[in-house]
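> Predicted model follows, preceded by the sequence.
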There are 2 protein chains.
Amino acid sequence: MELQEKILDVIRGTHVAALATVGERGAPAVRHMVLTGGDDMMLAGGARIGSDTVAQLRRTPCAGIA
Amino acid sequence: MELQEKILDVIRGTHVAALATVGERGAPAVRHMVLTGGDDMMLAGGARIGSDTVAQLRRTPCAGIA
């Protein structure tokens, strides 16, 4: 099985995931959210425009997922 | 109800939690682990001594939990 197919087997569909971002003073911040993985290898999720999540990702566009 | 009692109602016992740390080049790292909350307001969990989790917390003793 191709590596991409193995990855898709894991990420495809809807999951509850932990999304970690860089918060205040460089400290890690984390919350659970629903992410949906598609055949294009993208994971999509939603957050409010005024949320800490969006502010943190705008400031430091870098995340960890589990 | 006292604030401490409200917190203990949430953290007491065993939970699957996401623990976020500061990983390579300041990027957030996150993994799920079992944490047990006690009456002393501590959350206890275990990680292998040679794990990334332990190395990251030694380097940057700062974490996020969800």
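Now that the structure is in, tell me what you want to look at.

> alpha carbons only for contacts and neighbour counts from here, please
Fine.

> For chain A, which segments count as helices?
Counting by DSSP state H, chain A has these helices, from start to end: A:3-11, A:52-59.

> close to chain B, is the last one?
What that stands for is helix A:52-59. No: judged by Cα under 8 Å from any Cα of the partner chain, helix A:52-59 stays clear of chain B, getting no closer than 11.2 Å.

> List of residues touching that helix?
The contact list for helix A:52-59 (Cα atoms under 8 Å, 6 or more residues apart in numbering or on different chains) reads A:21-23, A:47-48, A:63.

> gap between A:Gln56 and B:Gly13?
Distance, A:Gln56 to B:Gly13, by Cα to Cα, to the nearest Å: 31 Å.

> Neighbour count: the two, which is higher?
Between A:Gln56 and B:Gly13, counted using other Cα atoms under 10 Å in any protein chain shown, the more crowded position is A:Gln56 (19 against 13).

> Next, find the distance separating the more buried one from A:Val16.
Going from A:Gln56 to A:Val16 by Cα to Cα gives 20 Å.

> before we move on, the earlier item: closest to A:Leu8 among the contacts of helix A:52-59?
Using Cα to Cα, A:Ala63 comes nearest to A:Leu8 of the contacts of helix A:52-59, at 19.4 Å.

> Alright, I will stop here.
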